[in-house]
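Student: model the structure of this input:
(one chain, ligands or ions: 1)
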Amino acid sequence: MPLNILILGGTGFTGPEQVEYALARGHRVTLFNRNRTRPGLFKGRVAEELVGDLNDDVSALAGRKFDVVLDNPTTFPAWVRNAATQLKGNVGHYIFISTMSVYPDNSRPDMDERDGTTPMPADVDPYTLVRENAGKYYGALKSFAEQEAERQYPGRVTVVRPGLIVGPLDRSDRFTYWPARINNGGDVLAPGTPDDPTQWIDSRDLAEWMIRLAEQQVLGTFNAVGSVRPMQELLYGCKAVTTAGAQFTWVPAEFLTAQGVRGWRHMPVWLPPTGATAGFLRRNNDRAVKAGLTFRPLAMTASETLAWHKTRPEAEQKATSEGAIAGIAPAKEAEVIAAWRAKQATGGPTND
Ligand SMILES: NC(=O)c1ccc[n+]([C@@H]2O[C@H](COP(=O)([O-])OP(=O)(O)OC[C@H]3O[C@@H](n4cnc5c(N)ncnc54)[C@H](OP(=O)(O)O)[C@@H]3O)[C@@H](O)[C@H]2O)c1
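Tutor: Numbers count the residues shown, from 1 in each chain. The predicted structure follows:
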């Protein structure tokens, strides 16, 4: 039966995939956003495009009823509360995109949804935090916003906690770096050991599953992330969809640190699988899989992300190649590989 779906946001990264899938399955889709990000993207294809701001103008939502709301953009609990001033009592199901960053403890592998989330510090009013605080309190804000959703729509909430979301339209380069870099060929700096764990979620898998959660009225809280895979699978998987013949030089975590190379920032989708980050890329996804989360092959994620990357403006492609957003600059990459090879060749002391 077609659903009447309200998508908050819908024009950024995951949102457009939700819209496409929902429309393909015959649902009625209404968007609500500020009309700043890709205005007109779904012109004539969605039922309505409501304009407003979750921060301070939700009047366009007045008097409307929806079977389900997908809340994409919210970090601030006040946004959930603001929307609820119009939607409370008019919504059957509220699906909130949270984040894996709600978990403060990443030291243990295989942690599931029962793991504790970050509390809001007692001296901070979560309703008055503004964008400038979002980074500092991100995990606590998202966690509080999850709870705010349950307060506003008791017994009607699904919380989806994604890990790193990847795929076409992702401008953060936190995954895109790898297919783009490997497509450029040559000696590629590879972090840690080939068996180090990594984990991500394709935005299409996430978006499509969220629509199916809506269709099946599934409630609860879910880690939305792919299965744990070895880093070599990611890198060779990207290589398999390119023809440049890239070669990988695996450099241990300690040597990378000594060279000023940081996991995640310079070596995306990777962190040393030890100490405080031992479980960061090894979260348990059993509940989500049981609730119908499925995964595209890496070959699709890698090739389609690369195809999209090639359509980006030249300046963005250049920034990716230079590791400006995530990834490592080519000169630094070559320097680190050379230093590692020199150490291997001499077996002598180095700066680590
Ligand atoms: N990227 C990751 O790896 C990752 C990982 C875990 C969790 N997450 C979470 O995933 C969620 C998905 O984000 P997305 O970018 O993919 O969603 P999206 O719905 O595709 O894009 C964000 C949308 O929000 C709208 N928006 C922004 N500020 C707004 C406001 N004040 N009022 C109304 N609409 C507003 C934007 O349009 P306008 O600009 O036109 O308003 C845009 O349509 C986020 O909550 C993020 O925290 C992301």
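
Student: please make it C-alpha for all contacts and neighbour counts, starting now.
Tutor: Will do.

Student: correct me, but Asn90 touches Arg64?
Tutor: Yes: with contacts counted by Cα atoms under 8 Å, Asn90 reaches Arg64, the gap being 6.8 Å.

Student: more crowded one of those two?
Tutor: Asn90 (16 against 11; other Cα atoms under 10 Å).

Student: where exactly do the helices run in the stretch 51-200 of the chain?
Tutor: Along the stretch 51-200 of the chain, counting by DSSP state H, counting those that start in this stretch, helices occupy 77-87, 138-152, 177-183.

Student: please identify the most buried of the ones you listed.
Tutor: helix 177-183 (a mean of 25; mean count of other Cα atoms under 10 Å).

Student: in terms of secondary structure, what does that helix contact?
Tutor: If you count contacts as 3 or more Cα pairs under 8 Å, 6 or more residues apart in numbering; DSSP states H and E, helix 177-183 packs onto helix 231-240, helix 298-309, helix 314-321.

Student: of all the ones you listed, which one is nearest Phe222?
Tutor: Nearest of those to Phe222, taken as Cα to Cα: helix 298-309 at 21.8 Å.

Student: can you pull the residues of the protein lying near the ligand?
Tutor: Taking Cα under 6 Å from any ligand atom, the part of the chain that reaches the ligand is made up of 9-16, 33-37, 53-55, 72-75, 97-99, 162-165.

Student: which of those residues fall in strands?
Tutor: 33, 97, 162, 165 (DSSP state E).

Student: quick check: the third one vs Ile5, distance?
Tutor: Going back to what we said before, that points to Pro162. Note on Pro162: its distance to Ile5, by Cα to Cα, to the nearest Å, is 21 Å.

Student: check contacts around Ser172.
Tutor: By Cα atoms under 8 Å, 6 or more residues apart in numbering, the contact list for Ser172 reads 325-326.

Student: swap in the one 5 residues further on?
Tutor: Residues counted as contacts of Tyr177 (Cα under 8 Å, 6+ apart) are 268, 320-321, 323, 326-327.

Student: between Pro162 and Ile5, who's got more neighbours?
Tutor: Using other Cα under 10 Å, the more surrounded residue of Pro162 and Ile5 is Ile5, with 24 against 21.

Student: quick revisit: output the helices of the stretch 51-200 of the chain in a markdown table; the columns should cover distance to Leu234 and mean pLDDT.
Tutor: Formatted as a markdown table, the helices of the stretch 51-200 of the chain follow (distance: least, Cα to Cα, whole Å; pLDDT from 0 to 100):
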| stretch | distance to Leu234 | mean pLDDT |
| --- | --- | --- |
| helix 77-87 | 35 | 97 |
| helix 138-152 | 27 | 97 |
| helix 177-183 | 8 | 98 |
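
Student: any idea which of these gets closest to Gly263?
Tutor: Nearest of those (Cα to Cα): helix 177-183, 13.2 Å.

Student: let me have the helices and strands packed on helix 177-183 in a markdown table, extended by mean neighbour count, mean pLDDT and distance to Val46.
Tutor: As requested, the helices and strands packed on helix 177-183 are exported to a markdown table (neighbours: other Cα atoms under 10 Å; pLDDT from 0 to 100; distance: least, Cα to Cα, whole Å):
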| stretch | mean neighbour count | mean pLDDT | distance to Val46 |
| --- | --- | --- | --- |
| helix 231-240 | 20 | 98 | 35 |
| helix 298-309 | 20 | 98 | 24 |
| helix 314-321 | 16 | 96 | 30 |
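
Student: what's the neighbour count on the residue in the stretch 201-350 of the chain that the ligand sits nearest to?
Tutor: Residue of the stretch 201-350 of the chain nearest the ligand, by Cα to the nearest ligand atom: Ser203 (7.7 Å). Other residues near Ser203 come to 24 when the count uses other Cα under 10 Å.

Student: who's the spatially most central residue of the chain bridged to?
Tutor: In the chain, the centroid-proximal residue (Cα atoms, centre = their mean) is Ile165; its distance is 2.6 Å. Taking DSSP bridges, one obtains Ile201 as the residues bridged to Ile165.

Student: surely it is in contact with Asp205?
Tutor: No: counting by Cα under 8 Å, Ile165 sits too far from Asp205 to count as a contact (9.6 Å).

Student: show the pLDDT at Gly135.
Tutor: Per-residue pLDDT puts Gly135 at 85.

Student: and the gap between it and Arg265?
Tutor: For Gly135, the distance to Arg265 - Cα to Cα - is 15 Å.

Student: settle it for me: which of these two has more neighbours?
Tutor: Taking neighbours as other Cα under 10 Å, Gly135 and Arg265 compare with Arg265 leading, 18 against 10.

Student: tell me the confidence at the residue nearest to the more buried one when sequence neighbours are not counted?
Tutor: Spatial nearest neighbour of Arg265, chain neighbours left out: Ala326 (5.2 Å); criterion: Cα to Cα, 6 or more residues apart in numbering. Looking at Ala326, its pLDDT is 98.

Student: check Val130 too.
Tutor: Predicted confidence (pLDDT) for Val130: 69.

Student: quick check, Pro109 in contact with Thr277.
Tutor: No: between Pro109 and Thr277 there is no contact under Cα under 8 Å: 9.1 Å.

Student: ok so, going back, which of the residues of the chain next to the ligand are buried, as a ChimeraX select command?
Tutor: A single ChimeraX command selects the buried members of those (16 or more other Cα atoms under 10 Å):
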select :9,10,11,12,13,14,15,16,33,34,35,53,54,72,73,74,75,97,98,99,162,163,164,165
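
Student: contacting residues around stretch 74-81?
Tutor: Stretch 74-81 is contacted from outside by 54-55, 97-98, 126-130, 134, 138, 141-142, 144-146, 148-149, 152, using Cα under 8 Å, 6+ apart.
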